[in-house]
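Chemist: Just need the structure, nothing else, for what follows:
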Amino acid sequence: MSSPTERPNLLFVFSDQHRWCDLNAYGNAQVISPHLDQFAAQAVQFENCISNSPLCVPSRGTMLTGLYPLAHGAAGNDLPMFDHVETFGNVLANHGYHTGYIGKWHLAGIPRDQFIPAGRRHGFKEWKTANCTHDYLHSYYYDEENVRHPIEGYDAIEFTNLALDFIERNNGKPWSLVLSWGPPHDPYHHVPQSYLDLYKDTEIELRGNVGERAVLVRDKIDWDRETIRRNLQGYYAHITALDEQFGRLL
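Modeler: Residues are numbered from 1 along each chain as shown. Sure thing, here's the model as predicted:
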């Protein structure tokens, strides 16, 4: 076993339902993302990364386990991951890392607002999570003792606060932390007004595959191109808010 000083700390940061093309670093000049752009310029950028199951829950399970969705159990949204599968949280905890998970989990099935007992946390010791919520301005998390904490304000800011606290408290030991933000997943306007204001005068450019209307019968969505532009303003505002939080981490 290597010494603690030889083992790097590991920070995994996830945004939710964030398209690869919607960062300045990947060619969308309308998105304000200076911290992520600077990080990308100094880091490795993947140009060909493909999900075999591009849906929230299956992808989350696969990123944690390295398994296909049918193998880890969470093969569709709101299906739970099998309790017996091993995540990198288990592996790292078994090799001397102090592990933590903060933010959206979405791997416990339904109900979405349930707490997750210690035996179902898959190796993550520190625990500040909401299974699944998209009410970003009236959110919450459960801690290690399954105490529910309401969040005042934008939840990505509070989850970043908790991540910074984890990093500072665990200085000097090998640690691994997952920070999982809920945005920029819709609702697109559940974001502080200051970020929306950054895009209020931006004439949002639509990609070539956008038609005259976007219709999804199941969710009672019927958007014209102007509605699509307004929602993209909110989506970009979420991304900029997350970029600011990423800058705090750096």
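
Chemist: What is the neighbour count of the residue nearest to Asp155 when sequence neighbours are not counted?
Modeler: Nearest-residue entry for Asp155: Ser139, 3.6 Å, with adjacent residues in sequence omitted and distances by CB to CB, 6 or more residues apart in numbering. Glycine gets a C-beta too; all of them are placed from N, C-alpha and C. Ser139 has 23 neighbouring residues, counting by other CB atoms under 10 Å.

Chemist: again with the one 4 residues further on
Modeler: Applying other CB under 10 Å, we find 14 residues neighbouring Asp143.

Chemist: Could you tell me which strands sit next to the top strand by length along the chain in the sheet, and their orientation?
Modeler: In the chain, assigned by DSSP state E, the strand with the most residues is strand 175-184. Strand pairing for strand 175-184, using DSSP bridges, gives strand 10-16 (parallel), strand 98-104 (parallel).

Chemist: isn't the residue nearest to Asp155 right up against Ala130?
Modeler: Yes. At 6.5 Å, Ser139 counts as touching Ala130 under the criterion of CB atoms under 8 Å.

Chemist: name the element Val210 belongs to?
Modeler: Using DSSP states H and E, Val210 is not contained in any helix or strand.

Chemist: list the contacts for the nearest residue to it once chain neighbours are set aside?
Modeler: Using CB to CB, 6+ apart and skipping the chain neighbours, the partner closest in space to Val210 is Ile228 (6.4 Å). When contacts are counted by CB atoms under 8 Å, 6 or more residues apart in numbering, Ile228 touches 206, 210, 214.

Chemist: Need the nearest residue in space to the last one, chain neighbours excluded.
Modeler: For Ala214, the nearest residue in space outside its immediate sequence neighbours is Trp223; the separation is 4.4 Å by CB to CB, 6+ apart.

Chemist: what about that neighbour, helix or strand, and which?
Modeler: strand 221-224.

Chemist: That strand: what's the following helix or strand?
Modeler: helix 225-249.

Chemist: Show me which parts of stretch 193-200 are buried, residue by residue.
Modeler: Across stretch 193-200, burial judged by 16 or more other CB atoms under 10 Å covers 195-196, 199.

Chemist: With stretch 152-164 instead?
Modeler: 154-160, 162-163.

Chemist: Name the nearest of those relative to Pro111.
Modeler: Asp155 (18.6 Å; CB to CB).

Chemist: Show me what the lowest-mean-pLDDT helix or strand in the chain is packed up against.
Modeler: Within the chain, confidence by mean pLDDT, DSSP states H and E is lowest for strand 213-216 among all helices and strands, at a mean of 90. Packing partners of strand 213-216 (3 or more CB pairs under 8 Å, 6 or more residues apart in numbering; DSSP states H and E): strand 221-224, helix 225-249.
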